[in-house]
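[1] pasting a predicted model and its sequence here:
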Amino acid sequence: MESNRQRKVAQIIQEDFAELFRKQASESKQSILVTVSDVKVTADLSIAKIYLSIFPQEHRKAVMKEIEENKAQYRNFIGQKMAKQVRVIPNLNFYLDTTLDDVEKLERELRGEGDNPIL
């Protein structure tokens with residue numbers, strides 16, 4: 001069960017990163033969309049798990065690698081945004097969210113367009 005404090009911190013992180021990734025996408029020459037689909041924060045607020053959806057799919061590995069390399073800068077960014085709201089800035093763990101891909105694959109299978117034939 002998440003506490004109100006966990007939900008509040010997760011919401012702040014999600015909104016700030018969504019804005020950051022939106023700005024980065026608008027400044028980039030490539031058309032890559034990075035969305036923050038979910039944020040989970042541990043009970044002691046020391047770790048934030050940030051789930052990202054990245055489109056188009058062929059850029060996922062490169063974008064995730066770049067995000068992992070810049071993790072310290074992202075933590076510094078979020079620390080400046082949350083400095084007056086929390087004592088400890090959470091460590092950030094980024095994960096690729098593939099739920100939309102899974103839904104699309106399942107829908108294709110149900111329509112008979114996947115590996116399973118229509119019976």
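    Right, received. Where do you want to start?

[2] would you map the helices across this structure?
    4-27, 60-69, 71-82, 99-111 (DSSP state H).

[3] distance to Ser37 for those helices - can I get that in JSON lines?
    C-betas here are computed from N, CA, C, even on glycine. Listed next are those as JSON lines, based on distance: least, CB to CB, whole Å:
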{"stretch": "helix 4-27", "distance to Ser37": "9"}
{"stretch": "helix 60-69", "distance to Ser37": "13"}
{"stretch": "helix 71-82", "distance to Ser37": "16"}
{"stretch": "helix 99-111", "distance to Ser37": "7"}
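
[4] now Leu33, nearest residue through space, not along the chain?
    Nearest residue to Leu33, sequence neighbours excluded (CB to CB, 6 or more residues apart in numbering): Phe55, at 4.6 Å.

[5] to clarify, my last question referred to Val34.
    Per CB to CB, 6+ apart, closest to Val34 is Phe21, 4.2 Å.

[6] can I assume that neighbour is in contact with Ser28?
    No: applying CB atoms under 8 Å as the test, Phe21 and Ser28 come out as separate, 10.1 Å apart.

[7] need the residue closest to the centroid of this structure.
    Nearest to the mean C-alpha position of the chain, by CA atoms, centre = their mean, lies Leu52 at 2.5 Å.

[8] so what's that residue bridging to?
    Beta bridges link Leu52 to Val36, Leu96 when assigned by DSSP bridges.

[9] neighbours of Ile67, how many?
    20 (other CB atoms under 10 Å).

[10] low-confidence ranges in this protein?
    For the chain, the stretches with pLDDT under 70 are 116-119.

[11] Ile12 and Gln57, how far apart?
    29 Å (CB to CB, to the nearest Å).

[12] do Pro90 as well
    29 Å.

[13] out of these two, which sits in the more crowded spot?
    Neighbour tally, Pro90 and Gln57, criterion other CB under 10 Å: the higher count belongs to Pro90, 23 against 9.

[14] which non-adjacent residue is nearest that one?
    The nearest residue in space to Pro90 (CB to CB, 6+ apart) is Ala48, at 4.1 Å.

[15] looking at Phe21 and Ser28, which has the bigger crowd around it?
    Using other CB under 10 Å as the criterion, Phe21 and Ser28 rank with Phe21 on top: 20 against 10.
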